[in-house]
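Chemist: Here's a sequence, model it:
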Amino acid sequence: MDLLLRLANAKTLLVLAAAIGGLGLALRMAPATLRWIHERRYPPQKTANPAGDAILQELAEKDRVKILALHRTVLEELAQAKAAGFDIADLETRAEAAAKLNAPDTRALAQRRLNEIRRDIPIKDSESASSPVAPGGPR
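Modeler: Model (predicted):
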């Protein structure tokens, strides 16, 4: 009890009130303080470099050419399958439709479809696969 009477003087109560007020103020100002700290640690980026657009256009052009090359490869493989006597009319139609998807937004879809068509191209059975001798020869 003696301790409480000694602590309950004006000076101690003033310090306690200031501490509670400071804590309340800190809690109220915390979002603004955290935002200020975040802005100091991670300043906004500067404006984009004008050469960035040229780089992005160059990359888009490379992707477009890549899809065109894949389309040409698929058409060559389809021509070989047609020469081997396979019916590939559906695959040719699908290849032309996939080539029309060569736009920045649908380029990944075009590549996937062309690869699927390439996978579906029939191939002629080889004679070595049907031979009774195992690979590596007789033992």
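Chemist: neighbours of the residue nearest to residue 104 when sequence neighbours are not counted, just the number please.
Modeler: For residue 104, the nearest residue in space outside its immediate sequence neighbours is residue 60; the separation is 5.7 Å by CB to CB, 6 or more residues apart in numbering. (Each C-beta comes from the backbone N, C-alpha and C, glycine too.) Other residues within reach of residue 60 by the criterion other CB atoms under 10 Å amount to 13.
Chemist: what does residue 109 give?
Modeler: As a measure of burial, residue 109 has 13 neighbours, counting by other CB under 10 Å.
Chemist: just residue 92 next, same as before
Modeler: One way to gauge burial is a neighbour count; for residue 92, by other CB under 10 Å, it gives 16.
Chemist: same question, residue 16
Modeler: Neighbours around residue 16, by other CB under 10 Å: 12.
Chemist: Can you list phi and psi of it for me?
Modeler: Backbone torsions for residue 16, taken as degrees, to the nearest 10, come to phi -60, psi -40.
Chemist: Next, the buried residues of the helix or strand containing residue 74.
Modeler: Residue 74 is part of helix 51-83, with elements assigned from DSSP states H and E. Residues of helix 51-83 classed as buried by neighbour count (16 or more other CB atoms under 10 Å): 63, 67, 70, 71, 74, 75, 77, 78, 81.
Chemist: Could you list every helix and strand that the helix or strand that it is followed by packs against?
Modeler: Past helix 51-83, further along toward the C-terminus, the next helix or strand under DSSP H and E is helix 89-99. Using 3 or more CB pairs under 8 Å, 6 or more residues apart in numbering; DSSP states H and E as the contact definition, the elements that helix 89-99 packs against are helix 51-83, helix 107-120.
Chemist: Take those and write them to JSON lines, including mean pLDDT and distance to residue 18.
Modeler: Putting these into JSON lines (pLDDT from 0 to 100; distance: least, CB to CB, whole Å) gives the following:
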{"stretch": "helix 51-83", "mean pLDDT": "93", "distance to residue 18": "53"}
{"stretch": "helix 107-120", "mean pLDDT": "95", "distance to residue 18": "62"}
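Chemist: Out of those helices, flag the one nearest residue 29.
Modeler: If you check each of the helices and strands packed on helix 89-99 against residue 29 by CB to CB, helix 51-83 wins as the nearest, at 38.6 Å.
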